[in-house]
Every structure is written in structure tokens, then in C-alpha cells.
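Enquirer: I would like the atomic coordinates for the input below:
(2 chains)
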Amino acid sequence: MGHVRLTAAAVAKRSIQRRPWRSFCLIFAVLLFSFALFAGSVLTLSLSSGAESMANRLGADVMIVPAGYDPHIDSILLSGKPSNFYLPADTLERLSRFEGIERMSPQTFLATLSASCCSYPVQLMGIDFDSDFLVKPWLDATLRRELKDGELIVGYRVTGEPGDKIKFFGKELTVVGRLEQTGMGFDAAVFLNRPTIAMLAKEAERIIKHPLAADGSLISTVMIKLKPGEDSVQTAREMNSALNGDGIYALFSKKFVNSISASLKTVSWMVRGGLLFLWLLALVVIALLFAMSLAERRREMGVLRALGASRSKLIRMALTEAFLVSLYGASLGVALGAAAVAAGSPFVTEALRMPFLLPAWPTLIFLALGAAAASLLTGLSAALFSAVRAAKSAISDAMREA
Amino acid sequence: MRRLFSALTALLGAALALSPFVLFPVCTAAAAGGGHMKCWYSGLFITAMGVLVIAAALCAWRGRLVAPAFAVAAAAALLCWLVPNGVVPISGDGWRAGLCGDASHACNAVTMPAVGKLVAGTVIVGVLGLIAGFLRRDGR
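Expert: Numbers count the residues shown, from 1 in each chain, chains lettered A, B, ... in the order given. The predicted structure follows:
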């Protein structure tokens, strides 16, 4: 028969294995807390990064869309859900009459067909390179020149590397750049110049009739930058009272960003509330199970004390048990949290209608380590009180009570 | 307990392996260019991962490398969800694993919902198996 040294770790491991159901409950409580802490932190951080990215990227003060199409622009900006809509032909001319506009840039949208199997339906966005002030600043990092006819830039989630050829409506186009991740619908969009998008619309007409094929000058939206000091809310209101009857609707960007910030606050509070509840639950469950376990082992503690084990050694043994159980639960919880984040992240924008941008790797690793450390500390602090109480009782009392 | 979790993992692995072409088939039509669709390659990947889950479950059943076996089974099952959804991209010369663009296609409407449930089941059983492995007395 092999001999086992009576170290704190060996006794703790034996004790964990001797009461599997109690140990299972302890591990599960820590696992649940670390899972929620990691996944919840990543969720709130990703949503706030997404909202920040959107506020930074959405450099326009006012967006002009066809009346009744403001939910469509929400979908395009948030999830890149493809949409086709066009403004009346004289929109730019009518907008130019308004004072306070510093720059305005038209964009033309064309959605690829969702019916063709396996070709992911994407939003094609035609940019006017002479007037653009939204997309060009990001392109400066990848492409330091104008987009030529037949060229395109892909969003972060669209397949294709520079030099690759991509077919839309049977026409082959060359990928010349890829945008960095934004957490918005732009990640699933493809950017071209407006002549190219008009040419694609003509190609699309082989399958379906398309208004853009007949008139290549059609525009879907106008992004407006106001002169410094101009009030975007007031300007949008003036535009709406003057143009709304003609099917033109002005949307001030801040309203969009503000509604996302308000939703973000609600989600953050819900996550924080849930985490606090789970933390208290884990703390109570671990403390209770440890108190019960150590009460059951008073005789064992008494024998160990009689054999010469010091009080500090008994505390060390109980804390080692709590440490091992918490470490295992915390590691599994963080691993499960990472799996849940990876599996669920593509669907968060769709489900919550908010931009979602995962933090960088170093931040994710820091969050994982932080969640594991917090869970470990919770387990240890919950067990500390019972451990000190059990070690303090007199040897004779412990033997007699047991 | 270990053997119960191993058997459950093996069953779920078998269901995963059979899902894309037998139980809940992916789209069967040919792609526009004449080759296979993206979901067909995803189906192949899911089948391969299902076989890996079964192998890991057998390993755990025999008491060899119990913790790594359950961890591998859970990770392989998770990949069955991540690869078709494009979170972990897998592609080669002229092919790419993924799903069809249309939500009403068989791979989106039938295969992936079933695979999702099997993946969740395998991951949960894998985690329970890992805990059971940790709580197992030495030598048993």
C-alpha cells in the first residue's frame, strides 16, 4: 500500500474527492459566476466599443433618406442588411438651398440578390469620391488613391483579399483593399464608386428590373456635414418641414447614436445586476457548503489537532481545498464564457440591434484573467470564515461534539 | 459517472457525424459554378468533428487521458458551430466552408438548428465529464 504525505494539498484533494456531490456543487457555483463575469464583461465592453466606433465613424451631422426609409438606414448602419431605396432626382439641388451646410456627399445603394444560394447577400455602397468625407478617411490607410471603375473595397466580414476577383451580377470586379473592423453594418458591405454601381445595376437588369439601370445618377442617401456652430437637430427639423412632403426625410445622426447609448446603458445595468446577483449567490452557496463540510469534519479536525497539526495548518488545508475547487470552477467558467462569446458574437447585433465590436486580444486575455482571479478570490473569501472558525475550536470540544 | 458521460458524448458525437448528410441533410443542389455549395464543405467538417468526438469519448471510456479527452470533445463540437458560421474561417483552393445566404435553405433552416442543439449538448456533457474526471478518486 502506497503512503501519502499529509501535506495540505494532499489532504485537500482527498477531501474534495471523498465528497463528490458537494465538490460538484462548489465547482458549479464558481463556474457559473466566472462564466457570467467573463461573458458579461466582454458583452458590455464590446457593445460600448461598438457604440464608440459608430459615433466616431458616423461623421455626418445629418443623413438624408427617402421618407419612411429611416428604419432601413438603421439596418444598413447596424447590421449591413441589404436594402434598395432611392431619393427623388432633384434632392441634391434642393438641399443646396439650405444655409449652414459645409459639405454633402451622395451615396448610392444596391443590394445583391439573396436568392442565389451561397452568395452572401451584401450591401453595395456607391461612393462619390469627389465629395465623400466619411469613407475616404478610412480608405487612406489601405488605398492611397481614388477607386477606379471596376474596383472595390470590402468590409471586414466580406470574403476577398486585395488582388482577388469577386463577381456581382455576373460582372467580375477587383478587390483593392479591405477595411478594418468597425462593429457596424459597414463590416458586411462592399464599397465601389458610383459609375461602377450604375454599371452593376444594368447587369442586374438581366434578372430583375432595376430603377438604377435606367437612371445611373440616382442616389440613396446624402450625408451632410454642417458648418461649425450649426445645430443639427434644428437643421434636420427645417429640412423636414420644407421637404417631407416630397418624400425626403432628414435624420440627425446624434439621435441615432443617442438611442444606441440609451439602449447600451440599459443592457449594462442589466448585466451588472445579474452579475451582482450571481456573485452573492456564489458567495452564499460556497460559504454554506464549506460551513456544512467543516462542521461534518469536526472530529477529523480534532484528530489532526491531537496529532500535532497547528491551527494555521488546518486553515491552510481548508483554504487549499477552496483554492483547488475555485481554480477548477473558474478555469472551466472562463473557457465556457469564451466559447459562448465566440459562438454568440455574430448574432448579438441582430438580437440587440446595437453595434458590437469585440475587444482586442490583450484586453480579452486581461478580462479572462481578471474574471478567473475574481472567482478565485470569491471562493477563498467565502471559505475563510468557516476555516478560521473550525480551526479555533478546542481539541476536546471538537472530539466530544463529533 | 465517467462512463455515463463518455457514452453520452459518444452518442452525441455519432449524431453530429450523421447530421449533415443523413439525419438533417444540408442543401443538395449544385452551386452556380457546378461545384459543391459552401454548406456541403461545412457538412464534411461537421462529420469529421463528430468522428473526433466519438474517438475522444472512447478514450475517456477507457479511462485514458480523461480530462483532455472531454476537453477535445467539447472543443471539436464547438468548432462544428464556429466554422459554418464563419467565426473560424476554413477555406482551400476553390472551396470554403460556410452556409448559404438564404435563411430558408436546408442548411440554415434544418441542419444548423439541429447541429446547434447537439453542439450545446456535447459541450455541457464535456464540461460535466471534466468535473467528474477531477472528482474521480485516484486509481479508480
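Enquirer: And the strands in chain B?
Expert: Shown for chain B, the strands assigned by DSSP state E span residues B:91-92, B:95-96.
Enquirer: Of those strands, which is nearest chain A?
Expert: Nearest of these to chain A, taken as C-beta to the nearest C-beta: strand B:95-96 at 7.0 Å. Backbone N, C-alpha and C define where each C-beta goes, glycine included.
Enquirer: And the contacts of the closest one?
Expert: A:159, B:35, B:36, B:38, B:41, B:89, B:90 (C-beta atoms under 8 Å, 6 or more residues apart in numbering or on different chains).
Enquirer: Parallel or antiparallel, list what pairs with it.
Expert: Take DSSP bridges as the rule and strand B:95-96 pairs in its sheet with strand B:91-92 (antiparallel).
Enquirer: Check the offset of the strand it pairs with from the chain's centre.
Expert: 19 Å (C-alpha atoms, centre = their mean, to the nearest Å).
Enquirer: Rounded mean pLDDT for it, please.
Expert: Computed over strand B:91-92, the mean pLDDT rounds to 82.
Enquirer: Same check on stretch A:36-44?
Expert: Stretch A:36-44 comes out with an average pLDDT of 89.
Enquirer: what does stretch B:18-37 give?
Expert: On average, the pLDDT along stretch B:18-37 is 82.
Enquirer: hmm, back to that, tell me which entries of the contacts of strand B:95-96 lie within helices.
Expert: Per DSSP state H, helices hold the following members of the contacts of strand B:95-96: B:38, B:41.
Enquirer: coming back round to it: go through the strands of chain B and name the closest to residue A:100.
Expert: Smallest distance to residue A:100 across these (C-beta to C-beta): 48.7 Å, for strand B:95-96.
Enquirer: gap between the closest one and the chain center?
Expert: Mean-position distance between strand B:95-96 and its chain equals 19 Å (C-alpha atoms, centre = their mean).
Enquirer: same check, this time on stretch A:191-201
Expert: 32 Å.
Enquirer: Then stretch A:127-143?
Expert: Distance of stretch A:127-143 from the chain centroid (C-alpha atoms, centre = their mean) equals 26 Å.
Enquirer: in the chain, what spans have low per-residue confidence?
Expert: No chain specified, so I'll use chain A. Chain A contains residues with pLDDT under 70 at A:1-6, A:55-59, A:72, A:75, A:78-80, A:113-120, A:139-142, A:253-259, A:394-402.
Enquirer: Oops, wrong one, chain B.
Expert: Ranges of chain B meeting pLDDT under 70: B:31-34, B:101, B:137-140.
Enquirer: need the residues of it near chain A, please.
Expert: Residues of chain B lying close to chain A by C-beta under 8 Å from any C-beta of the partner chain are B:1, B:27, B:29, B:31-32, B:37-39, B:74, B:78, B:81-82, B:85-87, B:96, B:98, B:100-102, B:105, B:119, B:123, B:127, B:130-131, B:134-138.
Enquirer: now the helices: where do they sit in chain A?
Expert: A:8-18, A:20-57, A:70-79, A:91-95, A:136-142, A:194-204, A:211-214, A:232-243, A:253-296, A:298-306, A:311-352, A:361-392, A:395-401.
Enquirer: For the first one, buried residues please.
Expert: Neighbour counts over helix A:8-18 (16 or more other C-beta atoms under 10 Å in any protein chain shown) mark A:8, A:11, A:12, A:13, A:15, A:16 as buried.
Enquirer: Can I get the helices of chain A in CSV including distance to residue A:111?
Expert: Output for the helices of chain A, formatted as CSV (distance: least, C-beta to C-beta, whole Å):
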stretch, distance to residue A:111
helix A:8-18, 58
helix A:20-57, 21
helix A:70-79, 9
helix A:91-95, 20
helix A:136-142, 22
helix A:194-204, 10
helix A:211-214, 11
helix A:232-243, 25
helix A:253-296, 21
helix A:298-306, 71
helix A:311-352, 17
helix A:361-392, 34
helix A:395-401, 76
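Enquirer: Now tabulate the ones you listed in TSV and tack on distance to chain B.
Expert: Output for those, formatted as TSV (distance: least, C-beta to the nearest C-beta, whole Å):
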stretch	distance to chain B
helix A:8-18	5
helix A:20-57	4
helix A:70-79	13
helix A:91-95	31
helix A:136-142	20
helix A:194-204	15
helix A:211-214	21
helix A:232-243	35
helix A:253-296	14
helix A:298-306	17
helix A:311-352	5
helix A:361-392	14
helix A:395-401	26
